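>>> A structural model of the following input is requested.
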Amino acid sequence: MKFAHFSHVWAKPDMTPHHRYEQLWRELAICDETGFDYAFCVEHHFRPDESLMSSPSLFCVGAGARTKRLRIGPMGYIVPLYHPLRLAEEIAIVDQMLGGRMELGLVPGITAPYFIPFEVDHAARKSPTLEFVPYLRAAFGEQPFSFAGESHHTKSAKLAVLPMQKPHPDLWMQSRDPATLEFCAANGINTGYFIVYPRKEAAPRYRKFLADWEKAGWQRKPRIGYSLPVYVDETDEIAIERALFRASRAYSGFLKEPEPGETFEQRLQAFANMFIQRGEAGAAQVFLNIFDPDYILKNDLVFIGSPQTVAEKIHRAAGEGLFNTFLGEFNFADLPEEDLMRSIRLFGEQVIPALRDFEPF
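As a prediction, this is how the structure comes out:
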């Protein structure tokens, strides 16, 4: 298995953005020291009460300046919000600045309000995202390059900088959509999913993804990521006392800002309705209960406990949900920094070695 520090870079009520970023670099320094493989961030916009990460490239460069061995990347760039040529240039420069340590996540973007200020059609986001993969490969090929597709068009452009990794950094596209998973398998793109998609529902889709990957003839195994909150402490009892309630509030920022008189339950149902409209009743059920501490503990929607307990939970979940890369969200709610850093260190020093040789598939 492989292991990542995954961060939404949640806003903290008592921290300026500068101080929150400085805390993030301290987190990643411990990850770099204790054996983590990756550091990933999201791209979120226009919610200062939620995430402070609207520029994944700056995350990568900042993290790279403070680490030596971690592989670093967005999970991922919201491709339709960028001009493709500008994004290709940026990716190449970031990979060079990182000395070839970049991992490259690409996503179409699930949150419609992000698109409105950019004046981009959210409903048409899928095609430019998928087409960016052949565009990127053309852009990093023979120079100058041209590309003529349905969404992207470039005529005779010569990049000043090409990526250090050839032909490009490893690609990721987090998805549970069957058609997108077929695209990923055909194009050698790693994938993964998030806490809201039930692991038992995920396994059949990723089993097919693995079969398609093998049929495509790729010589390496794909990475399938899975992300949720994690907290490690000396004992189960201490870990639950310090982190369980906080973990149950980890994703409160996903709810839209309240309208006058709107209740928490109404906001929660509105978000769950998005999954219902997508035909994902299981994901809606998870989200409706994601703020219930007893529910998330009972259903292993948070990995909390001693190093041994957390390792056992990940081992069991990886077999159930068919993932071989765990993306742990360590910093959530108002978790004190002393507890946060101890949790990361215990995970790196004791949980990772216990699972390093485990292969779920």
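>>> Show me what the helix or strand bottoming out on mean pLDDT in the chain is packed against.
Every helix and strand of the chain was ranked by mean pLDDT, DSSP states H and E. The lowest is helix 264-277, at a mean of 87. Helices and strands touching helix 264-277, by 3 or more Cβ pairs under 8 Å, 6 or more residues apart in numbering; DSSP states H and E, are helix 281-289. From N, CA and C alone the C-beta is placed, and that goes for glycine too.
>>> how far off helix 264-277 does the helix it packs on point, in degrees?
In terms of direction (axes from the mean of the first three to the mean of the last three Cα atoms, to 10 degrees), helix 281-289 departs from helix 264-277 by 170 degrees.
>>> Please name every helix or strand in contact with helix 281-289.
helix 264-277.
>>> what comes up buried for the helix it packs on?
Within helix 264-277, the residues that qualify as buried are 267-268, 271-272, 274-275, counting by 16 or more other Cβ atoms under 10 Å.
>>> what sits up against the least confident helix or strand of the chain?
Residues from elsewhere that reach helix 264-277, judged by Cβ atoms under 8 Å, 6 or more residues apart in numbering: 196, 254-256, 258, 281, 283-285, 287-288, 291.
>>> what distance separates that helix from the centre of its chain?
For helix 264-277, the separation from the chain centroid amounts to 22 Å (computed by Cα atoms, centre = their mean, to the nearest Å).
>>> for stretch 36-51, same thing?
From the chain centre to the centre of stretch 36-51 is a distance of 8 Å (Cα atoms, centre = their mean).
>>> If you average the pLDDT over that stretch, what comes out?
Across stretch 36-51, pLDDT averages out at 96.
>>> all helices for the stretch 51-200 of the chain, in order.
Under the criterion DSSP state H, counting those that start in this stretch, the stretch 51-200 of the chain contains helices at 56-65, 84-97, 115-118, 126-139, 178-187, 199-216.
>>> and those as CSV, adding mean pLDDT, distance to His168 and mean neighbour count?
What follows is the helices of the stretch 51-200 of the chain, written out as CSV (pLDDT from 0 to 100; distance: least, Cβ to Cβ, whole Å; neighbours: other Cβ atoms under 10 Å):
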stretch, mean pLDDT, distance to His168, mean neighbour count
helix 56-65, 98, 14, 20
helix 84-97, 98, 8, 20
helix 115-118, 97, 25, 14
helix 126-139, 98, 6, 20
helix 178-187, 98, 12, 17
helix 199-216, 97, 18, 16
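>>> mind putting these in TSV, distance to Leu340 included?
Putting these into TSV (distance: least, Cβ to Cβ, whole Å) gives the following:
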stretch	distance to Leu340
helix 56-65	17
helix 84-97	27
helix 115-118	32
helix 126-139	33
helix 178-187	33
helix 199-216	26
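>>> picking that back up, any idea which of the buried residues of helix 264-277 is the one closest to Leu85?
Met274 (32.2 Å; Cβ to Cβ).
>>> Can you tell me how far the closest one is from Pro113?
With distances taken as Cβ to Cβ, to the nearest Å, Met274 is found 12 Å from Pro113.
>>> May I have the strands that pair with the host helix or strand of Phe3, each with its orientation?
Assigned by DSSP states H and E, Phe3 falls within strand 2-7. Partner strands and pairing direction for strand 2-7 (DSSP bridges) are strand 38-41 (parallel), strand 325-329 (parallel).
>>> Report back the residue of this protein that's furthest from centre.
Ser156 (33.8 Å; Cα atoms, centre = their mean).
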